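Visitor: sequence-free structure coming up:
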């Protein structure tokens, strides 16, 4: 089974859920508009018109050690243990 590194709208939505952030916040962090995030989440596969925005999102995710994949039987995201610890520490401070 071969895994592809292909970002989909479902990945973006799932990652936002994991990070507990809005479309606008992800847009701000990835340096794209919240509207671009909203539009990207509508599509199973990202359309070519949003390539520049998607590259910015991917760059942000890679910096945060967040991965994504799709294969014949599943779609998923992954997060490094160090990034997860940072998120947990941030949540515990609230």
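Guide: Ah, there it is. As the structure is a prediction and not an experimental result, all values here were calculated from the model.
Visitor: could you pull out the helices for this structure?
Guide: 9-19, 23-30, 34-41, 51-63, 81-92 (DSSP state H).
Visitor: pull the residues that contact the third one.
Guide: Spelled out, that is helix 34-41. 9-10, 12-13, 16, 22-28, 30, 46, 50, 53-54, 57 (CB atoms under 8 Å, 6 or more residues apart in numbering). All C-beta atoms are positioned from the backbone trio N, CA, C, and that covers glycine.
Visitor: pull out the buried members of those residues.
Guide: 9-10, 12-13, 16, 23, 26-27, 30, 46, 50, 53-54, 57 (16 or more other CB atoms under 10 Å).
Visitor: using a markdown table, lay out the residues you listed together with pLDDT.
Guide: Listed next are these as a markdown table, based on pLDDT from 0 to 100:
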| residue | pLDDT |
| --- | --- |
| 9 | 85 |
| 10 | 86 |
| 12 | 90 |
| 13 | 91 |
| 16 | 90 |
| 23 | 94 |
| 26 | 94 |
| 27 | 93 |
| 30 | 93 |
| 46 | 60 |
| 50 | 64 |
| 53 | 82 |
| 54 | 81 |
| 57 | 88 |
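Visitor: re the thing from before, and of the helices of the chain, who's closest to residue 71?
Guide: helix 9-19 (13.1 Å; CB to CB).
Visitor: where does pLDDT dip in this protein?
Guide: 1-6, 44-50, 94 (pLDDT under 70).
Visitor: what about residue 62, distance to residue 42?
Guide: Counting by CB to CB, to the nearest Å, the separation of residue 62 from residue 42 is 23 Å.
Visitor: grab the nearest non-local neighbour of residue 31.
Guide: residue 56 (5.4 Å; CB to CB, 6 or more residues apart in numbering).
Visitor: let me see the contact set for the one you found.
Guide: 30, 31, 32.
Visitor: recalculate using a threshold of 10 Å.
Guide: 27, 29, 30, 31, 32, 36, 50 (CB atoms under 10 Å, 6 or more residues apart in numbering).
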